[in-house]
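**Student:** Show me how the following folds:
(chains A, B, C, D, E and F)
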Number of protein chains: 6
Amino acid sequence: MAATPTFALPHAFLGIGNRNPAARFAVAGIPFDLGTTNRAGARFGPAAIRAASRMLADGDNPAGWHNPARLDLADVGDFRIALGDIGASLDLIEGQAAAFPHLVALGGDHTVTLALLRALAKRLGRPVGLVHFDAHVDTWPDNFGQPLAHGSVFRHAIEEGLVEPARMVQVGIRSPVPHEVHAWTHAQGVTILDAESVHLSTPGKVADHIRDVVAGGPIYLSFDIDALDPSQAPGTGTPEVGGLFTWQVMGILRRLDGLDWVGMDVVEVAPPYDVAEITALAGASIAWQYLCLAGFGMALRGG
Amino acid sequence: MAATPTFALPHAFLGIGNRNPAARFAVAGIPFDLGTTNRAGARFGPAAIRAASRMLADGDNPAGWHNPARLDLADVGDFRIALGDIGASLDLIEGQAAAFPHLVALGGDHTVTLALLRALAKRLGRPVGLVHFDAHVDTWPDNFGQPLAHGSVFRHAIEEGLVEPARMVQVGIRSPVPHEVHAWTHAQGVTILDAESVHLSTPGKVADHIRDVVAGGPIYLSFDIDALDPSQAPGTGTPEVGGLFTWQVMGILRRLDGLDWVGMDVVEVAPPYDVAEITALAGASIAWQYLCLAGFGMALRGG
Amino acid sequence: MAATPTFALPHAFLGIGNRNPAARFAVAGIPFDLGTTNRAGARFGPAAIRAASRMLADGDNPAGWHNPARLDLADVGDFRIALGDIGASLDLIEGQAAAFPHLVALGGDHTVTLALLRALAKRLGRPVGLVHFDAHVDTWPDNFGQPLAHGSVFRHAIEEGLVEPARMVQVGIRSPVPHEVHAWTHAQGVTILDAESVHLSTPGKVADHIRDVVAGGPIYLSFDIDALDPSQAPGTGTPEVGGLFTWQVMGILRRLDGLDWVGMDVVEVAPPYDVAEITALAGASIAWQYLCLAGFGMALRGG
Amino acid sequence: MAATPTFALPHAFLGIGNRNPAARFAVAGIPFDLGTTNRAGARFGPAAIRAASRMLADGDNPAGWHNPARLDLADVGDFRIALGDIGASLDLIEGQAAAFPHLVALGGDHTVTLALLRALAKRLGRPVGLVHFDAHVDTWPDNFGQPLAHGSVFRHAIEEGLVEPARMVQVGIRSPVPHEVHAWTHAQGVTILDAESVHLSTPGKVADHIRDVVAGGPIYLSFDIDALDPSQAPGTGTPEVGGLFTWQVMGILRRLDGLDWVGMDVVEVAPPYDVAEITALAGASIAWQYLCLAGFGMALRGG
Amino acid sequence: MAATPTFALPHAFLGIGNRNPAARFAVAGIPFDLGTTNRAGARFGPAAIRAASRMLADGDNPAGWHNPARLDLADVGDFRIALGDIGASLDLIEGQAAAFPHLVALGGDHTVTLALLRALAKRLGRPVGLVHFDAHVDTWPDNFGQPLAHGSVFRHAIEEGLVEPARMVQVGIRSPVPHEVHAWTHAQGVTILDAESVHLSTPGKVADHIRDVVAGGPIYLSFDIDALDPSQAPGTGTPEVGGLFTWQVMGILRRLDGLDWVGMDVVEVAPPYDVAEITALAGASIAWQYLCLAGFGMALRGG
Amino acid sequence: MAATPTFALPHAFLGIGNRNPAARFAVAGIPFDLGTTNRAGARFGPAAIRAASRMLADGDNPAGWHNPARLDLADVGDFRIALGDIGASLDLIEGQAAAFPHLVALGGDHTVTLALLRALAKRLGRPVGLVHFDAHVDTWPDNFGQPLAHGSVFRHAIEEGLVEPARMVQVGIRSPVPHEVHAWTHAQGVTILDAESVHLSTPGKVADHIRDVVAGGPIYLSFDIDALDPSQAPGTGTPEVGGLFTWQVMGILRRLDGLDWVGMDVVEVAPPYDVAEITALAGASIAWQYLCLAGFGMALRGG
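**Tutor:** Just a heads-up that it's a prediction; the model follows:
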């Protein structure tokens, strides 16, 4: 067993020492939160997720008995951003993301996903399928007058052709939203699984539904932590009641094996509002589960 | 879309500017917490619920695509109370409540409901049906020797003929309670749905049960935030484990359409014990959902 | 009804005044947390659980209408421990535990359970069955090089013959763990009910499963508070997402009547990380429910 | 040296085990806060002060090398109060206080001092001198319409002849106050040392000034924790900027030896607003220092 | 005396009801924090300062026995800002500020002062003298590459001719700073009183020094709350040890009477990092003291 | 100026990238807190101090216009420790410390200083002078029966001949302590400057006194953060009222130039009890000031 207690591991994802940018999987932080429409603080998300992830360092994932720390995995530190400038920051992020074969990004607010999808679509030369966990559809045409912020990121992603709407599913949706925004999203062909439908179903069935939507090409996972219930993710900027539980989310994710995963982000972890690091731990657990999915092709069905 | 970010909206329910006391619906705060038997702090509940409610200002309720901010809705500020005097405060509250056609009250501890029901029964000239969410039956004959406080409010309401016990349902009950208090309540004809029974059922079935009990006359909603689980409503005075989840509560409420709603309160939000405003947000979401029910007669079934 | 408000009750379990060490049931605190591998603080668990337990003092348990405060129940204060010395502390704890007919121990970290089981097995002259709620199997051969700490307590208990592995069930398991540790545990004959299996079942069925495993001899309950979800028990040292909910745990426990209970502990409540005392209240509620089980032989089935 | 670590001492003032009501000095808690005009929570003050006081258990007070734990000192628990009823609570408190030879009371809000002074004046058959630390003069004729609450306690004490205004000094005063309230206080002959005058002087000179005012008869110490700066005592209901520092207060107190001390209270510690127990520790340190003064007649001058 | 307890006053500065934009003094909030280089959150500063200011509503300022609530004083609510856009926000702020005869602005981060000074200089047709409390000189040429943010506001103000450097004094300075930034500031003729020099002097002498620098024309007060020590103002974005104490700051301010005050701001109050509202109360107290200075021309010397 | 905002700098002391163990100065963390007699948590001190230190990265120290980040300075990460074993941990720490030319250690509880002094005395072949800031003398013969823990570290250091008592000064002392412990310390020739004496003096005079005691040989600085007042350092295990202020401590330290500094530690920062990172920032500022002293021989006198 490991000789270093959890609390004494290095401040890196899973406490790993690898910093090699050419690793098969690269974990990077993006300390950007200028696009938040309510509470800020996600700039400190990467540090908090890294610290909490050390809880997951010592053992195998019981879902498949894989250990992500044994992958060719590097923690490459944080991306540079431009203070007080949304557009310049997105350009910087896109540029830095381009270098990595397979990126696991720790946000930061949801705006950063646009830059990451731009880099990814450019690298792949095609749009991707999208599994999008969130309380919000994030397809507003603008954010209180600001065209590009965390509530409009997937409007842009669809309009720029970075994602395939027909292979895009939103899970956990429940916020107030203008009906026309919802209708526009639906009209693009996006599948919306609202939070109540997840509560009234099982992880196995939800995973099957998601798989039906996204299969057939490269798939990106964008996980807004506010998909979770505020009790489990208080540390976020725009919480909404009635959210998903981590047992559901982890149960869904670990049944999404065998897909062509090409990247992921976990965003909107805002540590100033967190409690006992539980939001950060949720974020870390989701990234850790993703690495098992993408790294080991773990197979688990039913439930 | 709106031009003002959530965090910059005015400090009023849903950020609305209307202060007209003759509006169809009036939201009022009642900063009173002298009746608490454990932790105080609900005096700050109205301010916290207002602040959190701004998260709900920008969009339609997905359950029916209604927007309560478009109702004839005013935030009339806080009621006056008498410092350190339960009886005088209840009289003041009753007097102020009398003026409003349809009141949405933000407590304050549960004691205030007695004053609100007195004003309502007087105005309607008859008792009302009651949907009462709570961890506690609140029908103690006294509260540690104090006859009138937050644990005895419905004993008084029944004895004063303000509510119809046969059209009264208590949802989420689970606290320790002397058997004779429970038996007395049951003997009045009150229906009790304990918390476990809600967990083992579905929101649709629970809503049907509630509807069966309360239909057939004017109905009041009294929502003690401690009906929710302590994880989702830590900011309250007398939490009990095993509570309801917001997804259940919201699911139940939005299926209680088509009833003759005549008023509501959400009480026992105690901000000094809250975390990241999640209890306040729950309180705000419940009042917001109620406004959809009472204002739009929204219809949603099944589930 | 009682004349003392909750907040003014003495600082003892359920506010009781009995300190008699010969009482039928003795509640004792064990302020020890040297065995924690991540966050410390469980040394303050006993004080916090006692304070929170006063919420449960005024009434009967609705599951059976029993009131544990009416049992011959004493709060005997805290056990002495040895500062900075795991082994010496365990010896001290074992020695003190030996004196009590039926002990309800408030931890402290999980290491203390080894000392309690040693005392119990010695007193009974035989190993016991074990109902063990936890996020972790706690059967590591060592803890980051330390042979005896909170992650290896049941490895020792099995190897020392203090428990019967075939009558041992672990509920709520979900942490990362080396596959060989899990396999070793399984090979001893221990039954593992992971957290997801509880979520996908009902408290009634889980209770039946537990009963099937442990029936047929004296049974000990060891409840690590991290069996609960971090949202409901943030105040603990090694939280894991996807945990059990208190409604499930209380529902399972109250269906485990009619068994031969011989002692219990609730451990790993770490108040420095708690929120609004909710973790402490959960711990208190579990001990209170246990006292009903062990003291009244309460019978409740189904669900 | 002691064998029990600080964190494992019993929950009593200085961790002492003596509960004898006839002890020379009795420490009692008064969990009452109905008289607060802003934030409540002082009902939990006694428990927090006791817990924090254990930091002071292991050693002598460097000011005189005395150890209050060696006095004939008992912790007699908390006084009963009447839920939600100011007048009835004061009567209960007065009745209970009457029994003790020398009381060290842990509040509770400042209203309780009136009951304590009534009991004391009755027992002594004469008014007392008063050293009163506070941010507020507490001589309002009423409190937002309530005649008897924490802002009017010394108006009542003076009018009832419980204290000698000419031997009464208020230290740390700085809050906004109607000029007529200040003028009335001054007109009674009360000496007011505002906070800035303490900052611009030294503890030695301030102590000399206090001694000059109060010498010549029995003296009571009433310490409202909001005399301290909000940074050192955030856990209180009505903080005011510019407050005293603990080094000043402790320096003043330990120079007030050789006086005829007859009782004391430390009030307005409101744990829900405290941070890392620092307000509670300040309250405990003040009571501990008082016990040295009253118990050992410690002599320290100059500075 | 007033009939409304502190906790029940309206959510406005000092709880006042006046909203008239033509009042002699207008209090306005500016919920903007895009210019922060470390921790965000000052967007919530105006709401927190208003809530805390209610502590100051009931009485006269002992420094002169004036009550600012009796001035012709309005709380005009919050200024609009542009989400995620520093430049557009400053333009909006400048435009809104132009309308008010005498503005007391509640920030928001320090960047907003540039907009306020632009509006003021335009209205007066001349530059102003400046009393600037801060831990930082805020004359960086840029902020990590961003030309306009909270660390460069006075570089711009000087270069744009909005302030007279020879009548500008910075009080409380102590942060690390490139020597060339400090030298540039000094070279403009700005007077710098570092924090230690204030600690080694008295409020009276510091006030005399400030008066000597700024007398002879209209004067603006810009108070960055981080001028205060982190213990007294934890709720801010860029704290620095060794800061000023509120007793010093209040003592200095109340001796700055008889000057030609033309406006003020108190900025950088970041409630997510505050404790028990003490930072917000400090901010409110400073604005309240300023209103006495500017509204009553209060005279107090010496000390 | 730097291109990276404070919040985005790497998680290292001052955000530096150098990890070279042969650097002239090495910063190392020691995540050990088994020796705490009250609250634990200092195991997380190194991470918190590193995070907070980034506030000091961008500029020169105004006391001398030096920038420690320009020294040959490495952050070498955290030392290994042995879980749950004081003696084995001290051996590990001593072994690791031996390798570095000049160590700046971030604790961890004060026990670690013994290991550091053992390594240092061995390397130098002689005892060192000691500047020891603390609320406690730390010369107890044992700690509640444990011979080696954070309260006895300097008893051991003196008895083992690691320090020269005649060149040892303790600053900020004020805790309760058995008279014989104080007397023993005094009898060894140690100079004790209690906290009140610092408050009644000036940093300049205190620095002169310290210099007089320790000059004439190599000097080590051991800074227990509880030397500071609990308001400025709430995040620690054994706070005591009446503590030093950071303006005093920084003022004293920056006047201790021209001495032969050979190493330092800052210990007892316990983040679970910290507020808004202010304790961590204080710890970081002290280490940063030390680096200026030791690295630049900065000269500043008077004050």
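
**Student:** and the closest residue in space to A:Gln188 that isn't next to it in sequence, what is it in contact with?
**Tutor:** Nearest residue to A:Gln188, sequence neighbours excluded (C-beta to C-beta, 6 or more residues apart in numbering or on different chains): A:Pro165, at 4.0 Å. Using the backbone N, CA and C atoms, a C-beta is placed for each residue, glycine as well. Applying C-beta atoms under 8 Å, 6 or more residues apart in numbering or on different chains, one finds that A:Pro165 lies in contact with A:158, A:188-190.

**Student:** now A:Val262: how far from A:Leu116?
**Tutor:** Distance of A:Val262 to A:Leu116, computed by C-beta to C-beta, to the nearest Å: 11 Å.

**Student:** Which residues does the host helix or strand of A:Thr113 contact?
**Tutor:** According to DSSP states H and E, A:Thr113 maps onto helix A:112-124. Contacts with helix A:112-124, where a contact means C-beta under 8 Å, 6+ apart, come from A:30, A:32, A:89-91, A:93-95, A:97-98, A:103, A:105, A:107, A:127-128, A:148, A:153-154, A:156-157, A:160-163, A:218, A:220, A:222, A:262-263, A:265, A:267.

**Student:** Mind doing that once more with 7 Å?
**Tutor:** A:30, A:32, A:90, A:93-94, A:97-98, A:103, A:105, A:127-128, A:153, A:156-157, A:162-163, A:218, A:220, A:222, A:262-263, A:265, A:267 (C-beta atoms under 7 Å, 6 or more residues apart in numbering or on different chains).

**Student:** Mind giving me the ChimeraX select for the contacts of A:Pro165, buried ones only?
**Tutor:** Restricted to buried positions by 16 or more other C-beta atoms under 10 Å in any protein chain shown, the ChimeraX selection for these reads:
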select /A:158,188,190
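
**Student:** Can you show me the helices along chain A?
**Tutor:** Along chain A, counting by DSSP state H, helices occupy A:45-53, A:86-97, A:112-124, A:153-159, A:179-187, A:195-199, A:203-214, A:246-253, A:278-296.

**Student:** Please produce a markdown table containing those, extended by mean pLDDT.
**Tutor:** Putting the helices of chain A into a markdown table (pLDDT from 0 to 100) gives the following:
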| stretch | mean pLDDT |
| --- | --- |
| helix A:45-53 | 98 |
| helix A:86-97 | 97 |
| helix A:112-124 | 98 |
| helix A:153-159 | 98 |
| helix A:179-187 | 97 |
| helix A:195-199 | 98 |
| helix A:203-214 | 98 |
| helix A:246-253 | 98 |
| helix A:278-296 | 97 |
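
**Student:** Surely A:Pro31 touches A:Gly107?
**Tutor:** No: assessed by C-beta atoms under 7 Å, A:Pro31 is found out of contact with A:Gly107, at 8.5 Å.

**Student:** So for those two, which residue has more residues nearby?
**Tutor:** For A:Pro31 versus A:Gly107, the count of surrounding residues by other C-beta atoms under 10 Å in any protein chain shown is larger for A:Gly107: 31 against 24.

**Student:** what sits against the more buried one?
**Tutor:** Contacts for A:Gly107 (C-beta under 7 Å, 6+ apart) come out as A:30, A:42, A:45, A:265-268.

**Student:** And A:Val198, by the same measure?
**Tutor:** A:171-172, A:206, A:244, A:248.

**Student:** cool, and A:Asn20?
**Tutor:** A:Ala74.

**Student:** per-residue pLDDT, it?
**Tutor:** On pLDDT, A:Asn20 comes in at 96.

**Student:** before we move on, what about A:Leu300?
**Tutor:** A:Leu300 is assigned a pLDDT of 37 by the prediction.

**Student:** Ok, A:Ala3 next?
**Tutor:** At A:Ala3, the model reports a pLDDT of 75.

**Student:** Repeat that for the one 3 residues further on.
**Tutor:** The predicted local confidence for A:Thr6 comes out at a pLDDT of 94.

**Student:** list the contacts for it?
**Tutor:** So A:Thr6 contacts A:54-55, A:57-58, C:37-38 (C-beta under 7 Å, 6+ apart).

**Student:** Turn those into CSV, including neighbour count.
**Tutor:** Shown next, in CSV, are the contacts of A:Thr6 (neighbours: other C-beta atoms under 10 Å in any protein chain shown):
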residue, neighbour count
A:Arg54, 24
A:Met55, 28
A:Ala57, 21
A:Asp58, 26
C:Thr37, 24
C:Asn38, 21
